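>>> sharing a model prediction with you, sequence too.
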Amino acid sequence: MEAEQRIRRSDYPPEVVEILLQAFNETWETIGHTFTSQADIDDARDRLARIILAYASDGTTDLAAIKSTAVLVMQLNFPAITFKK
């Protein structure tokens, strides 16, 4: 759970951290099944946390916007991503 800890340790106010964690978890729920090995899972989760933190650095706290941007950037990093319905 290092990726989630990265978000928890960020300098954002607690209410923003909660939004970021929700975005992380909901995005992972959608794409996480794509990754099978533990190394791939750890790498993808770390990248997802970094993407969410980077996007939020401009002050964005809109959950839907954070999630959609995170998915798009993850697709650029991992073209084989599939989506869970």
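Alright, I've got the coordinates. Residues are numbered from 1 along each chain as shown.
>>> drop to CA atoms for contacts and neighbour counts, all remaining ones
Fine.
>>> quick one: low-confidence parts of the chain?
85 (pLDDT under 70).
>>> may I see the buried residues of the host helix or strand of residue 23?
In this structure, residue 23 is located in helix 14-31 according to DSSP states H and E. By 16 or more other CA atoms under 10 Å, the buried positions in helix 14-31 come out as 16-17, 19-21, 23-25, 27-28, 31.
>>> what do you get for stretch 31-49?
31-32, 34-35, 44-49.
>>> one more: stretch 47-65?
47-53, 55-56, 61, 63.
>>> so which of those are in helices?
The members of the buried residues of stretch 47-65 that map onto helices under DSSP state H are 47-53, 55-56, 63.
>>> output these in TSV; the columns should cover distance to residue 39.
Converted to TSV, those look like this (distance: CA to CA, whole Å):
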residue	distance to residue 39
47	12
48	14
49	16
50	17
51	18
52	20
53	21
55	24
56	26
63	28
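>>> surely residue 20 touches residue 52?
Yes: at 6.8 Å, residue 20 and residue 52 qualify as touching, with contact defined as CA atoms under 8 Å.
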